[in-house]
Every structure is written in C-alpha cells, then in structure tokens.
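**Student:** Next come a sequence and a model predicted from it.
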Amino acid sequence: MKELLHHLERKYLYSEYDTKELQGVDASGNAAWPNVGKLVAVGSYVEALREEECQRALGAGKNIREANISIGDHYRLMLESYLHDGGGVAREHTVLCIGLSCLQLFTQNNFTGPLIGPNPEVLLPGLIPEESTTDCVRGIALESLVGDGEGVYNLLHGPEYLIVAELILTDMKDSLTSCLTVDWWCFRCALVHQRILDEKSPQLYEVLLQALNQVENNAQLVSTNISRDLAALYHIEAGHLHLHYYDVGRAGDHFKKASQALDIEVSLSGALGKRTKWQQEDRAQLVVKVQYNDLPIMANELPSYNLLPSDLPKDIMLNDDTRLPKFKFKEEDQDVVPDLRPIEQSFVLALITHKRRSSAVDLQLDEETKAYLVALLQYPKNWCFQLSALLLRSRIEAVETRAMQRSLTQLEELLAAVNREEPSRFERMKLFGASLVLPHWELQQELAKVLMRLGCIKYALEIFERLYLWEDAITCYNELQMRQRSAEIIKNQLDKQETPKLWCLLGDATDDISCYNKAWELSGHRSGRAQRCLGNYYYVRKDYKNAIKHYDLSLEKNRLQFPVWQRLAYCALQIEDWEKCAQAYRRCSVLEPDCFEVWNNMSQAYLNLDQKQRAWRSLQEALRCKMDSWRLWDNFMLVSTSLGYMSQALNAYVRILTMKERHVDTQILGRIVKAIVEGAADPDGREMKGLHKKCSEVLGQLTSEVPTHPELWYLYGILTQASPVASPETKHNAMVYFKKSLAASTQKAGWERDTFTTVASLHRASYLLDATLNSVEGLPPKVALSNLSAARMSVQSTIVGTRRGQTQVATGELVEEIKEPLKNVEEKLQVLLQKLEELKVV
C-alpha cells in the first residue's frame, strides 16, 4: 500500500493520472482515503475537503476555535489528534491531501482563476470563533501571513487556505513521515507564500532551501531511473525558485540538470527570411533548434495532453502596415520545431527566463527571446505555458512602437482568460510551478503600466486604485501633477487601519520624513522598509553618510534586498569608504552574480584598497556578464598590465580594437613591448616572448590606421628589433619604423619649440641612427649608401630644428635638458658620416 501511495503522490505533483489505479485498493481500515485521493487526482479540491474523512481530520463537530487561539494552532491541535488516533499511512496521506488541496485552492483563487467558492469557513470547520466575523478572521489571517516580511497583498482571496496549507506542508511535515512528496509540496507552498508578500522573506528562503535539499537527496523522487520527466520538473521548479531570489548561478545549474534529464538540447541558429512586408532581400533571422539524443521514452513519464485552442489564452495576431505577423523564411519550415511535450515546453520557458535574468536587457536579447517564444507558441498545449509565453512577449512589445497596441490587446486577452470558466480549474493547474503565471493583480498591474506608456494615465490610475496598488497610484498622480491627491487617498486608508507600509507610502507621497519614523515606531523597530525609505530620502539628497546608516538598519532586518545593497555600495563609493563599498558589492554579486555593474564597481573599490588581484578577478566576472563594453576591457587591460599579466592585457587590447578601431594607449603598449623585449614572465611563470607575433600584429594594425603617431612607430621599431629571428629584413624594418617615428614627431609645425617633444625627437633620431648602422651591415654598398644618406638627412634636419628652437635668445645657449640628448645624437651622426665616407671609397 505504501508503494501505491508513493506512486499516487508522484502523480499529484503534475496533476495527471488515471483514477482506475485506486480501484480495488485495500484501505487498511480507512475506506475513506481512496475517495479523497480520487478527488485530489482529478482536481476536485473542494469536494475532497468536503469528504467526511477530511472534515473529521479538521475537527468537524468539535469545539469551535477560541478567539485567543490562532488559526494555525487550532488546526494543528485537530490534525495532530487525528494522526495520533491511529490509521497510519492512510491518515498521513489524507492530511497531505488536505494540505495540497488548500494550497491548490489558494493558487486557483489568486493566480490561475477563476474565483472559486465556497468561502473558507464552509470547508474549514471551526474557522470563525463565536462573536467574531468573517472579515475579522480574514484580517487576522492576512496579518499572520506577513511573518517576517513587510506586508502582504490586502485583497487576497482565501488567505485561510494558505495558512492551513503551510501548517500541514511546512510546520507538520515531520509528522507525515510516510509521505514521499511532502518536501516538494513544502517548497511549492513556501514559494506561493513568498510571491504574495511585498518583500523577500529570509525566513521563507531558509524553509525553501531546506526543502529543496531534502527533495534533491530523495532518490525515490527525483531519480531519472524512476522518471526523467519528474526529475526535470523538479530542477525546473528549483531553478525558477532560485531566480526569484536572484541566484542566477544555482538556477542555471538546475536548468542544465533538467536538460540532461530530458536529454534535449535547445539552441539558437539562423535562417534567411523577411520580417517586413516590403523587404526585398532575405536576411538572417534567429530561429530555435531542438535536438534529441534519441533516448527511449521510459515508463511513468508525464503524459502529453492537448486542450482545444478555444480553451487556451488567445494569441493575438500582429496587425501592422509594415511588419509581418511572423517571419517569412526563404525555405519553408525553417522555424518549425518538434511537437514539444508540455514538460519540454517548460524547459524552453526556463531557458528564456534564465537568459533574460542573466543578461543585460538590450535589443539582441529581445530578439533572442522572441525566437524562443515563436518555438514555444507553435504547439500550444498547456494553459500556464501559453499564458506565460504571451505575457513575456507582451512585456517586450510594450516598449515597441509598432507592437505596443498588440501588447495592450494581448494583456486584455490574458486577463479575460483568467476570468473565463473554461478550461477547468484543474487543467489550469497543470505544471503551474514550472510556469511564470502571475497573481491576478500583478497581471492587471502589467496592463495598467502599458496604459501608462500609451498616455492613458487616468485609466491606469483606476486599475491601481481598485487593486490597492498605492505605489503605482502615487506615480500616476505625480504624472498628472496631482500629488496632493495621492496623499489624501493614503490618509483615508490610514484612517481605516494604520500599517507601516501605508505610513511609508504617505512619506513617499509627501516627502515627509516623519512618516517614515512613524512607520518605524509602529512596526516596533522591525520594518526594513521604513529604514529603506529613510535611506532613499537621504540618498536622493546626496547625504550619503545618513543614507548608509539607514540602509544598514534596513539590511539588518532583511538581507535579501538587492536594490538596497546596490545603493549602499554606491553611497560608500561616493564617500570613499572602500571597505564597506567592496563588502556591499560582494553581497550584490551573491544576489545577482550576472550584473556587470556590480563587478565593475567592486573592482574599483578593490583598486582603491590596493587589492589589485581581487580587482582583476572582479573585472573578469564583469566581462563574463558584458563583453561588448570597450571601457570595461580598458579597465581590465590596465589592471592586467599593472599585475604583469601581459597576455591578458594584449588580448584585451585586441578586443577593444574590434569595438573602437583607433584606440591608442601607448602607455599600455609600451609596458607590453618592454616586457616582451626583456623576456619577462607573468605571475604564473609564463614567458612574454611568445607574445611577439601577436603584439606585432596589433602595432601593425594601429600604425596603418594612425600613421601619424610617432610613439606607435617607435614601439613598433623597438619590438621589431627584438624579433626572435633576427634577419636583414627585420633590421631593415626596424630602421624604417624608427624613420617614420622621427618623421611623425617632427612633421607638426613648431615641434622644435616644445622641449618635451624635442627631447623625444632626439631620442628617436638616436634609435634611427643605431638601427640604420645595424641594418646596413652586409648590404650591397649602393643600398647601404642610400639608407645611410636618408637617415643622415632626417637626423641633420632634426638637429637644425633643435638648435633653432631650443637656443635661448638672451644667452645664446641651448636649453639644459637638450644638451645631453643632442650631444649623443651628434656623436652617433659622426659615426654614420664616417661609415658613409668608407662606403664612398669602396
């Protein structure tokens, strides 16, 4: 019997199985549980809770809850009494069914819709104490759901269901020792709870991590030997959970494991096609390719199922006078993917979500996302995934001029789909945990924000006020230049009930700092939001020291506030508190490891702390997140050079040149050339001589693009002289480069009047003389004479210009800084002239 129960529990997870499996079951003295199991299996959660056995477990016929006993404590007493009365695994299974039924009812009422009756007090016996009311109990339930958070959405439907679900699936899960899937339901329940809170809850995060660990270590549940699809489903849900808490790295690991479990590879490719009605030439368009590794489908996999198109949220076609509704490919079916099963669709959706969370939002990312969405929408099967895909597309198109209208219409259709009676509530719940379905008020919020972009501020305001979304309402009133009205509305709400959140919102509406202090006191010094608002108040006024003080207090209450960590780090950066700045950015990197600004700013803090090695590693992480910023590569190149990593510095220079063709940094190039010439080694012991060829290519490219830069030719000559293979050709090239360096140095009118430029020109003349004398060895006399004569003319011209421009009028003497370099050049010139005379005799 235990094996059968475990088998059924696995089926509950994805809401699909044949109830015939329960026929003929020996109930072991508890004939009621198979009926409960059947009802849960087909999504009849209301009927399941109405079953006599469930009502008995919940204390029907016993004393009504006393007013001083919380909802959770009351039902804990009832359920513990029920479990201790005997019945073993059957009773534990019944209690599990009660918990997941309550969770699913809450999810249906607040996420997938439509609203379902009856009221909680009908299904939860003893819920309303004597001399109390439904509204009073509902208010207490909402307050208990806040936990260590800042607040909960006030217009929740059936919060009592979530309290009972959390009691069973989280607080009492240790009592359900025979239930295989209770930990999985625990993290599902905790995540639903988190999604209705105003802030991230550290307490729920701990519950989630513990439950995830228990599920992952349960070989009976997530082993691919039992069910590849169930293993994939776990990793997809776990990945979405980590994304919700900013942990992109762990999410990516889970999605990779899901890919391995499904044995599927999804990638982007290109195909020629047209995207507009008037386009003449086919151009490369992004398409998704799906590849299987031909593993056989095993038993116990998630079944494939189809809903009628009319049952699914409608895909609104694009109606534009320029853009085609979909790409027209040169070869038909270029964008067609296999008929993906729902679990495979959930994996594609996970890939999109992870990519968007781990990459900077830009046009390229939006185009890639659209390609994935085209694949996902080709074979609509699942209500949740259809809604998720259309919602994601609407978000992208909400900022596109030619698609904004479709975005609005599509969001209206999604809201209508939530409120429609078809398909059944049960169908909507399938694979809900692997989707991106929003609570119904957030879906309406998305619609209102699109209306705001279209300029329909008043219509958006009506939605925000109806949903009690006061922060957005304040934004609308500010846009309408009616800020005083937002304060009036919030004051009206405060007259009904004072909460720290409302006082914070009043402070936002009035810029009255006393409101935030009132919120802090009202919360009993527990409101992280109040301190965050105080920090923001000082932040916008650039009082960074006071902002830091309040941000620190806010983070003491809740450390899962990525925006607060970012602002704290920025404040520390502004006041040059580099230790705190680095610490805050380190925390940001844990919460959002793929944010390049975090890593880049962290490197700046480390540089100011003289921790160059850590700065270097931080810049590597920044480049991992954003490789198309030449400034980022420039910072990395600078730090690499200072640490002696010339190979990485040279690679960075090459990357910069692909983005900024004429980028000249002779300081960096000079240090790289010097390291190569001296045969130095990097900190890892690798010699620099191997960089000679690559560095020559870089200098060759730069001198061709910036031929008038004397320092580039000079460095090119130095590097060429140090060629690993010395030959007459390399000697001649070095001479040519030094000659061009001297010519570039002296071509600007008035060069001789600047002492610094003149000294540099004399040094280049000296190198030219040395290189010329070295290059003529072994050459035919006629060629040697020509080279020596050319060098003589260049150097003599430089000497004449130097004496003309650097002789002091009053004394007739040369400037002191010029004397030694000029003497050196004149001595070398005499050697060259002597060589010329010798060759003339020959």
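**Tutor:** Here it is on my side, so go on.
**Student:** Next, find the distance separating Lys626 from Arg356.
**Tutor:** According to C-beta to C-beta, to the nearest Å, Lys626 stands 15 Å off from Arg356. In short, each C-beta sits where N, CA and C put it, glycine included.
**Student:** Quick check: buried residues in the longest strand seen in the chain?
**Tutor:** Determined from DSSP state E, the single longest strand within the chain is strand 264-276. Judged by neighbour count using 16 or more other C-beta atoms under 10 Å, the buried positions of strand 264-276 are Ile264, Val266, Ala271, Gly273, Lys274.
**Student:** Check stretch 567-582 too.
**Tutor:** Buried, per 16+ other C-beta under 10 Å, within stretch 567-582: Arg567, Leu568, Ala569, Tyr570, Cys571, Ala572, Leu573, Asp577, Trp578, Lys580, Cys581, Ala582.
**Student:** Check the residues you listed and tell me the two furthest apart.
**Tutor:** For the buried residues of stretch 567-582, the farthest-apart pair by C-beta to C-beta is Arg567 and Trp578; their separation is 16.6 Å.
**Student:** Just the strands from this protein, written as ranges.
**Tutor:** Remark: strands assigned in the chain by DSSP E are 264-276, 283-292, 323-329.
**Student:** who wins for proximity to Gly147 among the ones you listed?
**Tutor:** Here strand 264-276 is closest among the strands of the chain (C-beta to C-beta), at 37.9 Å.
**Student:** before we move on, back to that, mind listing the strands the longest strand of the chain pairs with, and their directions?
**Tutor:** strand 283-292 (antiparallel), strand 323-329 (antiparallel) (DSSP bridges).
**Student:** which intervals of the stretch 51-200 of the chain have sub-threshold pLDDT?
**Tutor:** Counting by pLDDT under 70, the low-confidence segments of the stretch 51-200 of the chain come to 87.
**Student:** is it true that Pro309 touches Pro380?
**Tutor:** Yes - between Pro309 and Pro380 there is a contact under C-beta atoms under 8 Å: 7.0 Å.
**Student:** the more surrounded of those two?
**Tutor:** Neighbours were counted for Pro309 and for Pro380 using other C-beta atoms under 10 Å; Pro380 has more, 20 against 10.
**Student:** isn't that one right up against Asp315?
**Tutor:** Yes - between Pro380 and Asp315 there is a contact under C-beta under 8 Å: 7.4 Å.
**Student:** Pop the domain breakdown of the chain in here.
**Tutor:** Domains of the chain are assigned by automatic domain parsing as 2-222, 741-842.
**Student:** model confidence over the last one, on average?
**Tutor:** Across domain 741-842, the average pLDDT comes to 89.
**Student:** returning to that earlier point: please list the members of the buried residues of stretch 567-582 that lie in helices.
**Tutor:** With helices defined by DSSP state H, the entries of those inside them are Arg567, Leu568, Ala569, Tyr570, Cys571, Ala572, Leu573, Trp578, Lys580, Cys581, Ala582.
**Student:** hey, where'd the helices end up in the stretch 451-600 of the chain?
**Tutor:** In the stretch 451-600 of the chain, the helices defined using DSSP state H, counting those that start in this stretch lie at 457-466, 470-479, 483-496, 500-510, 513-522, 528-540, 544-557, 562-574, 578-591, 596-608.
**Student:** Give me the contact list for the fourth one.
**Tutor:** Pointing back at helix 500-510 there. Helix 500-510 is contacted from outside by 150-151, 198, 470-471, 474, 477, 483, 486-487, 490-491, 493-494, 512-516, 518-520, 522-523, 527, 529-530, 533, 537, using C-beta atoms under 8 Å, 6 or more residues apart in numbering.
**Student:** now swap in stretch 515-522 and tell me
**Tutor:** Against stretch 515-522 from outside (C-beta under 8 Å, 6+ apart): 498-501, 503-504, 506-507, 527, 529-531, 533-534, 537.
**Student:** Can you select the buried ones from the residues you listed in ChimeraX?
**Tutor:** A single ChimeraX command selects the buried members of the contacts of stretch 515-522 (16+ other C-beta under 10 Å):
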select :499,500,501,503,504,506,507,527,529,530,531,533,534,537
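**Student:** out of the contacts of stretch 515-522, who's nearest Ala350?
**Tutor:** The closest of the contacts of stretch 515-522, once distances to Ala350 are taken by C-beta to C-beta, is Arg529, at 31.1 Å.
**Student:** Count the residues that sit near the residue lying closest to Val776 once chain neighbours are set aside.
**Tutor:** The shortest distance from Val776 to any residue other than its chain neighbours is 3.9 Å, reached at Ala784 (C-beta to C-beta, 6 or more residues apart in numbering). Residues within reach of Ala784, counting by other C-beta under 10 Å, total 21.
**Student:** Please apply the same query to Met793.
**Tutor:** Met793 sits with 10 neighbouring residues when counted by other C-beta under 10 Å.
**Student:** give the contact list for Ser358.
**Tutor:** Taking C-beta under 8 Å, 6+ apart, one finds Val248, Gly252, Asp594, Cys625 in contact with Ser358.
**Student:** again, only using 10 Å
**Tutor:** Residues near Ser358 by C-beta atoms under 10 Å, 6 or more residues apart in numbering: Leu243, Val248, Gly249, Ala251, Gly252, Leu365, Glu592, Pro593, Asp594, Cys595, Cys625.
**Student:** Look up how far Gln566 lies from it.
**Tutor:** 17 Å.
**Student:** Arrange the buried residues of stretch 567-582 in CSV, one row each, with distance to Ser775 and pLDDT as further columns.
**Tutor:** What follows is these, written out as CSV (distance: C-beta to C-beta, whole Å; pLDDT from 0 to 100):
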residue, distance to Ser775, pLDDT
Arg567, 62, 96
Leu568, 62, 97
Ala569, 57, 97
Tyr570, 57, 96
Cys571, 61, 97
Ala572, 58, 97
Leu573, 53, 95
Asp577, 58, 97
Trp578, 52, 97
Lys580, 59, 96
Cys581, 54, 97
Ala582, 53, 96
